[in-house]
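J.: Fold the following for me, if possible:
(2 chains)
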Protein chains: 2
Amino acid sequence: MTEATKTEPLRLALAGLGTVGAGVIRLIETNADLIERRCGRRLQIVAVSARDRGKDRGVDLSRYAWEDDMTALPGRSDVDVVVELVGGSDGPALTLARKAIAGGKAFVTANKAMVAHHGLGLARDAEAAGVPMRFEAAVAGGIPVIKGLREGAAANYIERVYGILNGTCNYILSTMEDTGRDFGDVLAEAQAKGYAEADPTFDIDGIDAAHKLSILASIAFGTELDFAAVSTDGIRRLAAADIAQADSLGYVIRLIGMARVEDTVDGKHRLFQRVHPYLVPKDHPLAHVDGATNAVVAEGNFSGRLLFQGAGAGDGPTASAVVADIIDIARFWESENEIDPPFSIPVSELDPTVPAEAGSRSGKAYLRFMVADRTGVLAELTAAMRDAGVSIESIIQMGEDKGGSVMVAMVTHEGQESGVQRALELLAGSDSLTEEPLVMHILKQ
Amino acid sequence: MTEATKTEPLRLALAGLGTVGAGVIRLIETNADLIERRCGRRLQIVAVSARDRGKDRGVDLSRYAWEDDMTALPGRSDVDVVVELVGGSDGPALTLARKAIAGGKAFVTANKAMVAHHGLGLARDAEAAGVPMRFEAAVAGGIPVIKGLREGAAANYIERVYGILNGTCNYILSTMEDTGRDFGDVLAEAQAKGYAEADPTFDIDGIDAAHKLSILASIAFGTELDFAAVSTDGIRRLAAADIAQADSLGYVIRLIGMARVEDTVDGKHRLFQRVHPYLVPKDHPLAHVDGATNAVVAEGNFSGRLLFQGAGAGDGPTASAVVADIIDIARFWESENEIDPPFSIPVSELDPTVPAEAGSRSGKAYLRFMVADRTGVLAELTAAMRDAGVSIESIIQMGEDKGGSVMVAMVTHEGQESGVQRALELLAGSDSLTEEPLVMHILKQ
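T.: As a prediction, this is how the structure comes out:
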């Protein structure tokens, strides 16, 4: 593409016509005049593809060429940009991505799983081919947080990047908080309302949030993306009583993805990445993020704390992010030598990482035990804490029974996480415990 | 600048070495390696200028050439970018801006007053000269909100843009809220601590927020910047009792800059721009923005509500935004024909506006009257409201006296703002009122 062609329309092929794909078409049609003013040229959808041609999607596809085989889209000579909205970390989405980049097309995707698993390889190919590759919609839906980190906060070393990255979990947690209902009950309702999938594993076990966190960490720290190293836990085991307990201690519970670079050994950064439920102090901005909203905090060494908040999913917000990427390409993609690396820094220059050591960081923790209702159990728990060197800030034994067992909740003083781990090892196998203890970290201000 | 020179350093001249100027130098020195990785070339400060050469600023200026006359900086052949951190809407800052642009230098500024007053003219010149002009730091300090609107939300028609744009006012209001103290008292303390200027007029009368709002509105709506049309009121008249009253009704008080396009008549948009203290519902994200923090909300027709929050002032955050602009220039400024218009859309294509009609919008309002403590006054107030067609949702007469007068606070039902105006006209001159009534609008969710 040369300068002379900049006033020509930018020609798009769309693969995947689910809610997001239909949303992208609706957005490009509805806001066509605005988009042309903002990027100096029109966006023109040329061809589309999806599994089922006949399905009613509420948009008129008759204007666009149809390809039965979506992987044929990149081969079309009338296409400048391939937009992938199919999903799935491998399969047709990945084939499409590779063909698009190899064919010299710009590539835009909303596919967090694919970027988390194959993003570095694809970015390397895109850099070699001199084509833009963008994935704003892969993290936090409509919130321009990738741009915020890549460009808005570009002058800063980022100390921590963290946030609420899964709207389904946040909806469930804030509903549990508002209603006092238990997890299973609220999940079932969320599924009935369409806020949670029939198979909710990816969301509620933290995998979706981990995909997003690994992408954010790479952009924020200039490190190699390492999804496999994210320590991931979900919200399945949370009870209404945990939320009530946290509330009485001045916290709310949120599923937080947290990343930081802890130190550097032999030229490799120790990258800490964790998706866990956290207790969030009520005066922290994330404590006020309710419903299906997402929010990302980046703490820069000059900017201080930046917060980006908005809708984390949905056809409109996701389409907004997809089209923002396309507009950037329409504005800036002038020649094969002038592309911005997908991860802001060329893949070959990203810093290598090793996973941070488990348990080496310091913080406060919340521990919840379900124990047999008999004499001496509290002494057993507190002795284990003492023997592991864990200092207890507060302890509450709830009167309420749950199948014959009693809940004991503790908050520790600031200390090494490994101490808590040791205490749990000391208690492992004890027949006083009626279920596996639950540990949550407390978010530092 | 041609492609071949991209790996050369980008050479900067800095005018103005106050806290922000010194912060920019510190940032560029401290984060030099990071910045080079992020933009593929070094930033090199070549020359600096300020009023007083001898002053200790905590940074070593001996490496940089000194110009006594800052307007000589753009004439230097060894400079690519002129960075203006002098302040003031006219005078040397404006002369410098014009000379830089006329001399083919890229121009970066943190000067909200100058952009509000002269931004369109400067942008027109920059477009004609083919040089970039950027002003991220002019709005909301370190928060990348101009980028968020120009690029992140570029696919959307923005319905409203609004936020907390002045950290000094927000510090005063949230301190009044936390402590129950009165305005004058908290202002004096803020001045003593350096959070408010000796002459606080620009901050507390809303002028600084109005500068920022007019810039945001132009970017968000693609309309001609019109600072003169911002209806501006500050926080001087707020009493501790107003804050207590708002609290009991479920609101906090924040100085909000609010803009929207109301309709279009004869090809001109009716642009509504207002900086006033608002009652903000406690479940709105802006209700949790405390201290000197800024926050901007943009509501897009596809993205939904986006929130950008962070430090609104200070040397570090402001420097972060200034250097983000410089990094963008280092990454993208390749030739004279490839610049992005400063207001995202070329000045000649921005929509003309007329100010929206006063009183034509609908909402709920809070009215506070100080009245003489005698029989019949309440009847007089409520009759005026009835005669003006204003429906009252709640009314509270506070027992507490203030120099012999009594406070009556009302919240109206949703209705035309002009109705409230009419009621106040009916009461004007009444000797029952011991001071001018105070009206605040209630922020709609």
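J.: switch to C-alpha atoms for all contacts and neighbour counts from now on
T.: Fine.
J.: How about the helix or strand A:R98 falls within, which residues are buried there?
T.: A:R98 is part of helix A:91-102 when elements are defined by DSSP states H and E. For helix A:91-102, a neighbour-count test (16 or more other Cα atoms under 10 Å in any protein chain shown) marks A:92-94, A:96-102 as buried.
J.: now do stretch A:223-232
T.: In stretch A:223-232, counting by 16+ other Cα under 10 Å, buried: A:223-227, A:229-232.
J.: need the residues of the stretch 201-350 of chain A near chain B, please.
T.: A:285, A:288, A:301-311, A:316-321, A:323-324, A:327-328, A:331-332, A:340, A:344-345, A:349 (Cα under 8 Å from any Cα of the partner chain).
J.: Surely A:E197 is within a helix?
T.: No. Per DSSP: H, G, I helix; E, B strand; the rest coil, A:E197 lies outside any helix segment and is coil.
J.: who touches it in this structure?
T.: Residues near A:E197 by Cα atoms under 8 Å, 6 or more residues apart in numbering or on different chains: A:Q191.
J.: re the thing from before, give me the buried subset of the residues of the stretch 201-350 of chain A next to chain B.
T.: Buried, going by 16+ other Cα under 10 Å: A:285, A:288, A:301-311, A:316-321, A:323-324, A:327-328, A:331-332, A:340, A:344-345, out of those.
J.: before we move on, back to that, quick one: list the elements packing against the helix holding A:R98.
T.: Applying 3 or more Cα pairs under 8 Å, 6 or more residues apart in numbering or on different chains; DSSP states H and E, we find helix A:91-102 packed against strand A:81-84, strand A:106-109, helix A:112-129.
J.: Closest one of the buried residues of helix A:91-102 to A:Y171?
T.: Lowest distance from A:Y171 to the buried residues of helix A:91-102 (Cα to Cα) belongs to A:A93, with 28.6 Å.
J.: Which positions in the worst-scoring helix or strand of chain A on mean pLDDT come out as buried?
T.: Least confident helix or strand of chain A, by mean pLDDT, DSSP states H and E, is strand A:392-402 with a mean of 80. For strand A:392-402, a neighbour-count test (16+ other Cα under 10 Å) marks A:392, A:395 as buried.
J.: quick one: strands adjacent to that strand?
T.: Strand A:392-402 pairs in its sheet with strand A:405-412 (antiparallel), by DSSP bridges.
J.: Would you mind pulling the contact partners of the partner strand?
T.: A:245, A:364-373, A:390-401, A:434.
J.: List of residues touching the following helix or strand past it?
T.: Reading on from strand A:405-412 to the C-terminus, the next helix or strand found by DSSP H and E is strand A:415-416. With Cα under 8 Å, 6+ apart as the test, strand A:415-416 has contacts from A:359-364, A:390-391.
J.: Which elements pack onto whichever strand or helix holds A:R254?
T.: Using DSSP H and E, A:R254 falls within strand A:251-265. The helices and strands touching strand A:251-265, judged by 3+ Cα pairs under 8 Å, 6+ apart, are strand A:158-164, helix A:167-179, helix A:207-221, helix A:240-248, strand A:268-281.
J.: Can you say which of the ones you listed is packed in most?
T.: helix A:207-221 (a mean of 27; mean count of other Cα atoms under 10 Å in any protein chain shown).
J.: Correct me if wrong: A:V59 contacts A:R26.
T.: Yes. Counting by Cα atoms under 8 Å, A:V59 does reach A:R26; the two are 6.9 Å apart.
J.: more neighbours, the two?
T.: A:R26 (19 against 12; other Cα atoms under 10 Å in any protein chain shown).
J.: Provide the secondary structure category for the more buried one.
T.: At A:R26 the chain is in helix, as set by three-state DSSP.
J.: TSV please, covering the helices and strands packed on helix A:91-102 and showing mean pLDDT.
T.: Converted to TSV, those look like this (pLDDT from 0 to 100):
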stretch	mean pLDDT
strand A:81-84	98
strand A:106-109	98
helix A:112-129	97
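J.: In the strand holding A:R254, which residues are buried?
T.: In strand A:251-265, counting by 16+ other Cα under 10 Å, buried: A:251-262.
J.: Filter the buried ones among the residues of the stretch 201-350 of chain A next to chain B down to the ones in strands?
T.: Among these, DSSP state E puts A:304-311 in strands.
J.: Redo those as TSV? Include distance to B:A295 and pLDDT.
T.: Formatted as TSV, those follow (distance: Cα to Cα, whole Å; pLDDT from 0 to 100):
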residue	distance to B:A295	pLDDT
A:G304	14	97
A:R305	12	97
A:L306	10	98
A:L307	9	98
A:F308	10	98
A:Q309	11	98
A:G310	13	97
A:A311	17	95
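J.: List phi and psi for the residue located most distally from the centre of chain A.
T.: Going by Cα atoms, centre = their mean, the residue of chain A most distant from its centre is A:T375, 44.4 Å out. Note on A:T375: backbone dihedrals following degrees, to the nearest 10 are phi -60, psi 140.
J.: Having no further points to raise, I will conclude here.
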